[in-house]
Structure formats: structure tokens, C-alpha cells
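Visitor: need a structure here:
(2 chains)
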Number of protein chains: 2
Amino acid sequence: MELLKNRILKDGKIFPGSIVKVDSFLNHQMDPVFMHELGKEFKRRFADIKPTKIITVEASGIGVALMVGLEFEIPVIFAKKQKTANMSTDAYLSNVKSYTRGTESVIAVSKEYLNSEDRAIIIDDFLAMGQAVLGLIDIVKQSGAYLGGVGIVIEKGFQDGGKQLRQQGIRLESLAIIKSIQDGKIVFD
Amino acid sequence: MELLKNRILKDGKIFPGSIVKVDSFLNHQMDPVFMHELGKEFKRRFADIKPTKIITVEASGIGVALMVGLEFEIPVIFAKKQKTANMSTDAYLSNVKSYTRGTESVIAVSKEYLNSEDRAIIIDDFLAMGQAVLGLIDIVKQSGAYLGGVGIVIEKGFQDGGKQLRQQGIRLESLAIIKSIQDGKIVFD
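Guide: A predicted model of the protein is given here:
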């Protein structure tokens, strides 16, 4: 998606360890009009799926997932990290490792909102090692829902997540794939 | 806002300790079309402020804040709970106590995205004791930005947050105020 690539080149910041920060428009500070365009693009790409639910994980996936849901006019579920006192124990659970933070957490989706009659699309802002998405796929499988595909705003092509998903035969739509970062410059696939 | 009150009566669930769960349309599962209507209502109420930034805190505030930002066509910043390795240390910080979870956390907003030229509106899904909002107000004050007001989807009128904000002279717009929960039924203000 050219609009996205241009925005990453314009506003993305590169840090040591191949870290790309898009804090100024996608996570932390969000540009809602721009994110609405991302939602429209995902709708165009996944229209054939006829999804009934959009699934993401808190916190930075919520914004773009909501825009996809707005376009499809269907509910958006965000998996919660660790269970809160307010949350029903009747939930699908999965373990997620974060390589960036060096932590492990449990993500949870209430069984009330996802079941075998649903057609789900998973949406997230970033795909690197793919741990969060694998956790969401696990939850969709537990629910018996049909998994129509995974939509990612920015895939880090030099990390293993995307490869792993494609090898499993999962339909993956990444709006921008960063192939490498060379001499402080982003190279897209 | 009648649309909201009706939705709370229809889909809200009441638990012991005056806990109202709106997990089916506002947090956890979100109804994007409905939340877009909340965004339009906040725009109507705060149009005179001419805001430049919407401020909220992860995770459950993000959805409605994004819809307000979409209507105003301005950026939305979500304060992050505790600093991550990816986040600049150049941030406004504030301490927030959670009475529901019995935890204390630090919320952070990067200094890059909020300064004294901004006109900020704080948006959140719930107002109970008001700790999260007080933390966000603290951050807006640190930045020197003008605070135009606070917009809340559901205020628990039987807890102290709203009273405290109004006593401080802060403009508070709550789309629904729950006065009490009697015999398992929600009474609005």
C-alpha cells in the first residue's frame, strides 16, 4: 500500500536493532483519518471472506482493528492481556511471549463473543516473530470459528513471523513488508 | 445520550459490588458503528473547544478516543502504562492507582506529541474514582497544553471521580451517568 509506505518513510524512525518506530501515526499517537484508510484497504482485501468478527490484541492493535470493523460493520474483539477481576473465567486463553519486552503473558477472549459460527479475521499493527498472532490463531481455533486470514499493517520481513504463517497455509495480508534496514534506511519488499 | 442508555440497559451486565460490564459493545468486544456514534456525540459537545489532540489511556479508552479523533480529524494519543524498552525516556509521566485491580502503574506520554500549543480533550470509557483521568490531567498540565475538557462514555455517579473533577472546575461531559444500581437495575441520573 503506497500511502502506508510513504508515511513510514516520512515519519518512521529507525533505532538500533532494526527497530522501526511509527509512534507518531500508528501506535502511541494515532492518525485516525489515515487509520481509516488502512481499514478500507483491509476491507478491500478481505471482502471475499465475509467476516463476522475482527480479532486483535490490546493495546496497539485496537485502533486499526476498529477501523476494519467500522468498514465491515461487524464487532471487533480485543484479547486482553492477563485476566482481570472483571473478566469472566469462561474465556479462551493462550500464552504469548514478547521478544521485545522479554515477558510472557496470557491473552484471553471471552467465550461469549466467539464461537464456531463465526468467520474471523485477525488484525494487528506489527508482525515480527508472530507470537501475538499465533496466540490469536490459537484462540480462534479453540473457538471453532473459521479463520479467514491475518491482516498486518507492517510486517518485518526479516523476522520469522510471516514465513511461519505462510508455511502453515494461513492467508496473510501485510500492507507493508520491510525487507531490511540498510545504512539507516528502510527497504520494502 | 439516549442511544447509549438504551444500549446499556439492553446489553449491560450487573455484578456484585456495583460493577457494570459493557464488554459486549464497548470494551473487550466493541461495536464500531455504535462507537462511531459516540464519537459524533463528543464532537457535537466539544466543537467549541477546537481541540488539536485527543488524549486517552490504553487499552479500553483507545476505541472511543479514536472515533472522536476521526470526527475532529485530529491525532489521538494513548498514554502507555509503564514504559517499554521501545519508548523514549523523554516522556511526561504520572502515577495511576487502579481500585478495581488493586495495582499502581505509571502512565506515559511522549513529549514529542503534546506541548503548550495544543488544545487537548481527554476521553475515556469509564469514570469511577477518576484515577486514570487525574493522571491524564496531570500529564496535560505538565505539557502546558490547554485542557478543553474531559469526555466520558459511562460515569459511575455513585463514585467520587466526577464530583472531584467538577469541583476542580474541569468541564466534564459524560454521555451516561449511572446514579445507582438498585435491586439489580441500573438507574440513570
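Visitor: Tell me the residues of chain A that contact chain B?
Guide: With Cβ under 8 Å from any Cβ of the partner chain as the criterion, chain A meets chain B at residues A:15, A:19, A:21, A:23-25, A:28-33, A:35-36, A:58-59, A:62-63, A:66-67, A:69-70, A:73-78, A:80, A:84-87, A:100-101, A:109-110, A:112-113. C-beta coordinates here come from the backbone N, C-alpha and C atoms, glycine included.
Visitor: So which of those residues belong to helices?
Guide: The helices, defined by DSSP state H, take in A:Pro32, A:Val33, A:Met35, A:His36, A:Ile62, A:Gly63, A:Leu66, A:Met67, A:Gly69, A:Leu70 from those.
Visitor: okay but the fifth one is in contact with B:Ala65, surely?
Guide: No. The pair formed by A:Ile62 and B:Ala65 falls short of the contact definition of Cβ atoms under 8 Å, at 10.0 Å.
Visitor: if we can go back for a sec, please, a PyMOL command that selects the buried ones among the ones in helices among the residues of chain A next to chain B?
Guide: Applying 16 or more other Cβ atoms under 10 Å in any protein chain shown to these leaves a buried subset, and the PyMOL line that selects it is:
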select buried, chain A and resi 32+35+36+62+63+66+67+69+70
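Visitor: could you pull out the strands for chain A?
Guide: A:13-15, A:19-21, A:29-30, A:53-57, A:76-81, A:91-98, A:103-110, A:119-127, A:146-156, A:172-182, A:185-188 (DSSP state E).
Visitor: Of those strands, which is nearest B:Arg119?
Guide: strand A:29-30 (15.5 Å; Cβ to Cβ).
Visitor: now for the closest one, which elements pack on it?
Guide: Judged by 3 or more Cβ pairs under 8 Å, 6 or more residues apart in numbering or on different chains; DSSP states H and E, the packing partners of strand A:29-30 are helix B:62-72, strand B:76-81.
Visitor: Can you name every helix or strand that the first one contacts?
Guide: The helices and strands touching helix B:62-72, judged by 3+ Cβ pairs under 8 Å, 6+ apart, are strand A:29-30, helix A:32-46, helix A:62-72, helix B:32-46, strand B:53-57, strand B:76-81, strand B:119-127.
Visitor: Tell me where the model's unsure across chain A.
Guide: Residues of chain A meeting the criterion pLDDT under 70: A:83-88.
Visitor: Mind doing that once more with 90?
Guide: A:16-19, A:82-89, A:97-105, A:182-184 (pLDDT under 90).
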